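> Sequence plus the predicted model coming up.
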Amino acid sequence: MDNTNRENNVLIEKIKEHGELIAALVSGVIILLAWRLETAGLSTASVIAYLTAFVIGGYAKAKEGILDTLENKNLNVELLMILAAIGSAIIGYWTEGAILIFIFALSGALETYAMNKSHREISALMNLQPEEAWLVRGGFQPIKVPVSSLKIGDHLLIKPGERIPVDGQIFKGNSTIDESAISGESMPVTKQVGDEVYAGTVNLNGTLTVNMTKPNTETLFQRIITLVQSAQSEKSPSQQFIEKFEGRYVKFVLATVVLMLFLPHYLLGWDWTTTFYRAMVLLVVASPCALVASITPATLSAISNGARKGILFKGGVHLEHLSALQLLAVDKTGTLTVGKPSVTDVIVRENLSEAEAIATLASIEAQSNHPLAHAIMQYAKNQKIEPTQGIEIEDVPGWGLKATIQNAAYLVGKPEFVGREEAAQFADSAAGKLAEEGKTVIFMKDDQGIAALVAMKDTVRDEAKDAVKLLKELGISVAMLTGDNKKTAKTIAKEAGVNEYIAECLPETKVNHIKGYLDKYSNVGMVGDGINDAPALATATVGIAMGGGTDVALETADVVLMKNDLSKIAYAVRLSKKMQKIVKQNIIFSIAVIALLIISNFLQIVDLPFGVIGHEGSTILVILNGLRMLKS
């Protein structure tokens with residue numbers, strides 16, 4: 001019963017969320033029915049059906065227009081469309097009035113859907129914040145308490161595999177921390193007593209006791225949420241322009257219609273019937289139906305085109321912004337690079353083969369959940385090297401692994417763990433060179449000394465270089481923003497061919513850099529895939545997420561590359577430029593037709609049927625022109 005109620009509630013919520021779209025589609029069906037009744041000679045039934053379509057399709061927009069007018073003390077296009085539809089009905093053109101309502105209701109429903117979709121990332125972020133924590137007090141057993149009840153100075157126990165609930169400082173223990181939720185970097189960071197840890201990050205192996213240093217409302221993770229909310233609340237220049245244009249357009253049309261209701265009778269000697277008739281024709285032909293159709297069909301066609309190519313646009317405004325893009329900021333990990341380390345170099349001792357060394361090392365690492373261990377295991381698998389059996393492992397959190405294989409002892413880890421001098425002597429200049437190339441180096445030591453070293457690196461995606469090249473050809477500069485160190489950032493930037501790079505970026509600094517770019521270039525894109533990229537994605541003119549990224553990045557972004565193919569960004573830019581060209585053609589044409597019809601109506605050259613044909617004909621033409629965007 002509970003499951004049935006839950007399913008019913010979900011269904012009701014879905015219906016509410018898509019209520020405007022459902023109402024628009026239902027009104028469209030009723031309009032078709034009313035038209036059939038009219039052609040069959042059932043005029044009374046057709047009028048009732050048209051009135052039903054008016055109410056169902058126009059209710060949401062009429063309510064929105066009235067409330068907005070009362071709140072802002074300013075007229076809007078919603079009111080003009082309703083009046084135009086009523087004017088059509090008054091002079092007997094029910095079909096035209098109903099179609100005006102349907103088109104406007106449909107476009108409004110699509111805008112509402114996109115708006116609802118863009119606000120879901122906040123709930124996705126909240127789900128990553130632990131609600132409970134293990135509180136330690138003196139020699140008593142840890143107790144689980146709500147995170148909201150904690151205060152600065154509390155000591156918390158963080159077990160292996162748990163997500164850290166607060167910002168704090170390690171009081172006891174050492175471990176490896178996955179900070180990808182904050183820094184976006186795939187390489188875990190070794191943390192010891194005195195080091196800072198952040199809410200939302202994951203403790204991979206060792207047990208930690210953390211001293212809480214910041215209130216729950218001021219953690220770095222919470223600031224990420226705040227930055228996303230702040231960026232989304234800011235209106236774009238296009239939105240502001242549309243709002244100003246809307247008010248002026250409605251006032252001009254309504255003022256003209258009011259004048260047409262009286263002046264021609266007194267100044268030109270028209271009778272009252274002709275005067276009212278011409279005023280109603282003006283209200284119909286001056287309605288922005290063609291203007292709306294100039295943009296919506298082209299935009300929807302472009303969105304469909306992009307979807308076929310693996311590009312998801314969350315609204316037409318983002319397509320508009322892409323056409324004017326001047327700089328694209330790109331996250332490193334998971335965007336330019338694969339997002340996980342892979343083995344690039346193996347150096348072994350003279351009396352040992354690479355296969356033997358990798359077999360032993362893979363056997364040791366097989367029992368670890370560290371990303372570097374996974375990379376070594378994958379390398380052994382690719383080389384078809386089978387790990388040996390019968391191994392005893394001891395994990396030394398933050399340092400490496402101790403192993404015993406057939407009574408032989410092994411150490412695997414960083415130079416400080418296996419012996420810095422021996423490691424330096426074995427590697428000679430190779431390890432330094434590998435480190436300069438942004439690679440992570442680990443050593444394996446046996447009873448004879450250092451047996452092997454393995455270098456690993458997060459490699460550049462195969463298509464990244466081509467993608468950067470295509471963007472440069474379109475006149476778009478490419479900058480890389482990463483939380484990684486300068487050496488690694490420099491190496492990846494050189495391989496990918498980006499114009500510039502900025503290393504050691506936290507979410508806050510990424511946002512600051514994006515704002516700096518916006519001051520310089522005005523139209524800036526951001527590509528990312530992690531939680532840490534969400535504020536920058538929301539701040540940029542256009543936020544672009546990789547389809548394989550986190551839910552938060554996907555929800556925050558304006559554009560999603562569903563196939564993780566960076567080269568699709570260049571295609572999206574070209575698509576945007578083509579759409580802008582078609583939209584401009586449509587707008588100029590529709591305004592010209594409306595102006596011609598208004599002048600012809602005033603001169604009594606065009607009657608209502610021809611006015612409707614000209615008005616609706618121009619609408620059909622701009623729709624057909626917009627549908628050209630369906631072509632690749």
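That came through, no problem. Residues are numbered from 1 along each chain as shown.
> quick one: contacts for Leu291?
587, 590-591, 594 (C-beta atoms under 8 Å, 6 or more residues apart in numbering). Where C-beta positions appear, they are placed from N, C-alpha and C, glycine not excepted.
> Need the mean per-residue confidence for stretch 212-226.
Averaging pLDDT along stretch 212-226 yields 75.
> scratch that, stretch 481-490
Rounded mean pLDDT across stretch 481-490 is 79.
> Now that stretch: buried residues?
Using 16 or more other C-beta atoms under 10 Å as the test for burial, stretch 481-490 gives 481-484, 488-490.
> Adding secondary structure and distance to Arg163, write those out as JSON lines.
JSON lines is the format used below for those (DSSP: H, G, I helix; E, B strand; the rest coil; distance: C-beta to C-beta, whole Å):
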{"residue": "Leu481", "secondary structure": "strand", "distance to Arg163": "25"}
{"residue": "Thr482", "secondary structure": "coil", "distance to Arg163": "23"}
{"residue": "Gly483", "secondary structure": "coil", "distance to Arg163": "19"}
{"residue": "Asp484", "secondary structure": "coil", "distance to Arg163": "22"}
{"residue": "Thr488", "secondary structure": "helix", "distance to Arg163": "26"}
{"residue": "Ala489", "secondary structure": "helix", "distance to Arg163": "27"}
{"residue": "Lys490", "secondary structure": "helix", "distance to Arg163": "32"}
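> Show the end-to-end separation of stretch 515-535, please.
End-to-end distance for stretch 515-535: 11 Å, by C-alpha to C-alpha, to the nearest Å.
> Which residues does the host helix or strand of Thr619 contact?
Per DSSP states H and E, Thr619 falls inside helix 608-626. Helix 608-626 is contacted from outside by 91, 93, 96, 99, 277, 280-281, 284-285, 287, 289-290, 293-301, 582-583, 585-586, 589-590, 593-594, 596-597, 600-601, 606, using C-beta under 8 Å, 6+ apart.
> same question, stretch 336-348
186-187, 330, 333, 354, 356-358, 371-372, 374-376, 378-379, 426-427, 430, 434, 439-440, 451-461, 464, 480, 492, 496, 498, 529, 566.
> List only buried entries from those residues.
186-187, 330, 333, 356-358, 371-372, 374-376, 379, 426-427, 434, 439-440, 451-461, 464, 480, 492, 496, 498, 529, 566.
> Narrow the residues you listed to those in strands?
330, 440, 451-460, 480 (DSSP state E).
> Return the member of the residues you listed nearest to Gly206.
Thr440 (19.2 Å; C-beta to C-beta).
> Got the confidence number for that closest one?
Reported pLDDT for Thr440: 78.
> Can you tell me the closest non-neighbouring residue to it?
Distance criterion C-beta to C-beta, 6 or more residues apart in numbering; nearest residue to Thr440, sequence neighbours excluded, is Met456 at 5.1 Å.
> do Ile82 as well
Closest to Ile82 by C-beta to C-beta, 6+ apart is Ala62, at 5.1 Å.
> Can I get the helix holding Thr619 as PDB, trimmed to CA atoms?
C-alpha atoms of helix 608-626 as PDB (Å, rounded to 0.1, in the frame of the first residue of the first chain):
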ATOM      1  CA  LEU A 608      -9.500  40.600 -42.200                       C
ATOM      2  CA  PRO A 609      -9.400  37.300 -44.200                       C
ATOM      3  CA  PHE A 610      -6.300  38.500 -46.100                       C
ATOM      4  CA  GLY A 611      -4.900  40.000 -43.000                       C
ATOM      5  CA  VAL A 612      -5.200  36.600 -41.300                       C
ATOM      6  CA  ILE A 613      -3.700  34.800 -44.400                       C
ATOM      7  CA  GLY A 614      -0.800  37.300 -44.400                       C
ATOM      8  CA  HIS A 615      -0.300  37.000 -40.600                       C
ATOM      9  CA  GLU A 616      -0.600  33.200 -40.400                       C
ATOM     10  CA  GLY A 617       1.200  32.700 -43.800                       C
ATOM     11  CA  SER A 618       4.300  34.600 -42.500                       C
ATOM     12  CA  THR A 619       4.100  32.400 -39.400                       C
ATOM     13  CA  ILE A 620       4.200  29.200 -41.500                       C
ATOM     14  CA  LEU A 621       7.100  30.500 -43.600                       C
ATOM     15  CA  VAL A 622       9.200  31.400 -40.600                       C
ATOM     16  CA  ILE A 623       8.500  28.000 -39.100                       C
ATOM     17  CA  LEU A 624       9.500  26.200 -42.300                       C
ATOM     18  CA  ASN A 625      12.700  28.300 -42.400                       C
ATOM     19  CA  GLY A 626      13.400  27.400 -38.800                       C
END
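> same for the helix ranked longest in the chain, what does it pack against?
For the chain, the helix with the greatest residue count under DSSP state H is helix 568-602. Other elements packing on helix 568-602 under the criterion 3 or more C-beta pairs under 8 Å, 6 or more residues apart in numbering; DSSP states H and E are helix 272-285, helix 289-308, strand 311-313, helix 316-323, helix 464-473, strand 559-561, helix 608-626.
> can I get these in a markdown table with mean pLDDT and distance to Ala366?
Formatted as a markdown table, the helices and strands packed on helix 568-602 follow (pLDDT from 0 to 100; distance: least, C-beta to C-beta, whole Å):
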| stretch | mean pLDDT | distance to Ala366 |
| --- | --- | --- |
| helix 272-285 | 79 | 76 |
| helix 289-308 | 73 | 42 |
| strand 311-313 | 76 | 39 |
| helix 316-323 | 81 | 46 |
| helix 464-473 | 88 | 31 |
| strand 559-561 | 78 | 34 |
| helix 608-626 | 73 | 58 |
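> nearest to Val136, of the ones you listed?
Taking these one by one with C-beta to C-beta, strand 559-561 is closest: 42.5 Å.
> helices or strands up against that closest one?
Other elements packing on strand 559-561 under the criterion 3+ C-beta pairs under 8 Å, 6+ apart are strand 311-313, strand 542-546, helix 568-602.
> Show me how the record splits the protein into domains.
1-117, 129-218, 311-337+461-575, 339-458 (automatic domain parsing).
> weakest of those domains in terms of mean pLDDT?
Among the domains of the chain, domain 1-117 scores lowest, at a mean of 75.
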